[in-house]
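>>> Sequence plus the predicted model coming up.
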Amino acid sequence: MGTHTTIGLDLAKLVFSACEQDAVGRVRQRKDLRRVALAPWLAQLPAGTVVAMEACSGAHHWARRCLAYGLQPRLIAAQFVAPFRKSRTTKNDRNDAEAIATAARQGNMRFVPIKTVDQQARLAWHRVREGYKGEVLATSNRLRGLLAEFGVVMARNDPALLRTLNDDAIRADLPATLLDLLDQHAAHWRQLRERLAECDRQIAAQAKADRRCVRVQQLTGVGALTADAMVASVGNAREFKNGRQLSAWLGLVPTQHSSGGRAVLGEISCKGDGYLRTLLIQGARSSLQRAQAVAPERATPEQLWIRDLAGRLPFGKV
């Protein structure tokens with residue numbers, strides 16, 4: 001096995017499939033490995049060997065392990081691997097491993113930056129926070145649905161629901177067997193809201209302690225949540241040549257349907273990190289709404305520019 005060897009590794013929970021290709025792309029061997037055997041096998045590979053993987057769950061962990069063993073990990077987005085699979089109708093682990101190795105050998109292939117342990121730990125708070133958000137909304141909707149079955153309807157906001165749950169007059173008209181159920185769900189709802197608030201405090205503390213987050217928050221429409229997600233997701237921003245590349249990575253640039261010298265631009269591509277893209281778009285919407293609400297004499301030069309754009313273009317384009 002020489003320094004020009006490329007290994008495609010199809011990641012899994014228990015059984016991993018590896019495909020070794022030589023310098024000209026011929027398959028030299030295939031190997032299936034149990035999870036406990038993967039790390040020892042990687043450790044015995046020659047230093048400098050390229051180990052390619054799809055950017056999926058666990059990929060960054062194994063990429064860091066490869067770096068520790070002196071290997072060269074390459075993470076590839078799944079959509080860039082699919083065209084190199086020999087048969088799109090016959091999908092198995094061995095074909096996937098070969099396609100990954102073939103894709104990694106392309107000179108113009110784009111690779112995913114490897115996240116550090118700190119980046120993944122910080123992003124874990126964001127993922128858990130999103131889960132709590134969904135659970136809070138689902139629980140509150142369940143409470144509203146239960147109350148609506150007995151003719152109790154309130155405004156669609158949390159304070160109104162809290163007032164209704166604590167209203168003795170409303171509780172007196174409800175069946176006694178329902179009150180215990182409502183109390184249990186209300187306690188669960190409050191607990192979820194507390195955990196969501198704890199996530200917000202932790203993320204705010206992370207952003208305050210990181211000077212990069214402090215700099216990012218100087219941008220219009222960017223708060224602690226967006227700044228922390230940006231820094232943790234992007235990592236080393238110098239890997240992008242300019243801001244347009246970063247925008248393309250986030251899916252914030254228009255799709256192209258160009259041919260014969262005629263360029264046709266469509267809607268934004270929506271590729272990349274959907275969570276970070278959503279935060280940035282929400283921040284932009286908030287900035288636009290703020291610029292339209294502020295009095296002209298109190299508006300900043302940037303807000304005046306935004307107001308001028310809003311007078312000429314649709315809301316989404318602005």
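Great, that's in hand. Numbering: from 1, shown residues only.

>>> For Glu54, which non-adjacent residue is closest in space?
Of all residues not flanking Glu54 in the chain, Ala78 sits nearest, at 5.1 Å (CB to CB, 6 or more residues apart in numbering). In this view, the C-beta of every residue, glycine as well, is placed from N, C-alpha and C.

>>> Please tell me the pLDDT value assigned to the one you found.
Per-residue pLDDT puts Ala78 at 90.

>>> ok, it touching Met53?
No. Applying CB atoms under 8 Å as the test, Ala78 and Met53 come out as separate, 10.5 Å apart.

>>> Mind listing the shared neighbours of those two?
Here Ala78 and Met53 have no joint contacts, going by CB atoms under 8 Å, 6 or more residues apart in numbering.

>>> all strands for the stretch 151-300 of the chain, in order.
254-256, 265-268 (DSSP state E, counting those that start in this stretch).

>>> Kindly state the domain boundaries assigned to this protein.
Using the TED database, the domains assigned to the chain come out as 6-112, 117-226, 237-312.

>>> which one of those domains is the most hemmed in?
domain 6-112 (a mean of 17; mean count of other CB atoms under 10 Å).

>>> Give the full set of residues in contact with Thr116.
64, 235.

>>> any idea how far it lies from Asp32?
As judged by CB to CB, to the nearest Å, Thr116 and Asp32 stand 30 Å apart.

>>> Quick check: phi and psi on Arg65?
Arg65 adopts backbone torsions of phi -60, psi -40, taken as degrees, to the nearest 10.

>>> quick one, what contacts it?
Contacts of Arg65 (CB under 8 Å, 6+ apart): 39, 42.

>>> For it, give its distance to Leu219.
Relative to Leu219, and taking CB to CB, Arg65 is found at 36 Å.

>>> follow-up on the earlier one: tabulate the domains of the chain (CSV), appending distance to Val318.
Converted to CSV, the domains of the chain look like this (distance: least, CB to CB, whole Å):
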stretch, distance to Val318
domain 6-112, 30
domain 117-226, 12
domain 237-312, 5
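
>>> Helices along the stretch 151-300 of the chain, start to end?
158-165, 168-172, 176-209, 211-216, 224-234, 243-250, 274-293 (DSSP state H, counting those that start in this stretch).

>>> which stretch in the ones you listed is the model least sure about?
helix 243-250 - the lowest mean pLDDT of the helices of the stretch 151-300 of the chain, at a mean of 90.

>>> returning to what we had before: contacts only, for the residue nearest to Glu54.
54-56.

>>> What's the separation between it and Gly260?
For Ala78 relative to Gly260 (CB to CB), the value is 31 Å.

>>> coming back round to it: so which of the contacts of Ala78 sit within strands?
Glu54 (DSSP state E).

>>> Now tell me which of the contacts of Ala78 the prediction trusts least.
Least confident of those in the model: Cys56, at 89.

>>> Skip the chain neighbours and tell me the closest residue to that one.
Leu11 (6.0 Å).

>>> Just to check, that neighbour is in contact with Ala52?
No. Judged on CB under 8 Å, Leu11 makes no contact with Ala52 at a distance of 10.8 Å.

>>> hmm, back to that, can you lay out the strands of the stretch 151-300 of the chain as a markdown table showing distance to Asp200 and mean pLDDT?
Listed next are the strands of the stretch 151-300 of the chain as a markdown table, based on distance: least, CB to CB, whole Å; pLDDT from 0 to 100:
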| stretch | distance to Asp200 | mean pLDDT |
| --- | --- | --- |
| strand 254-256 | 33 | 87 |
| strand 265-268 | 28 | 86 |
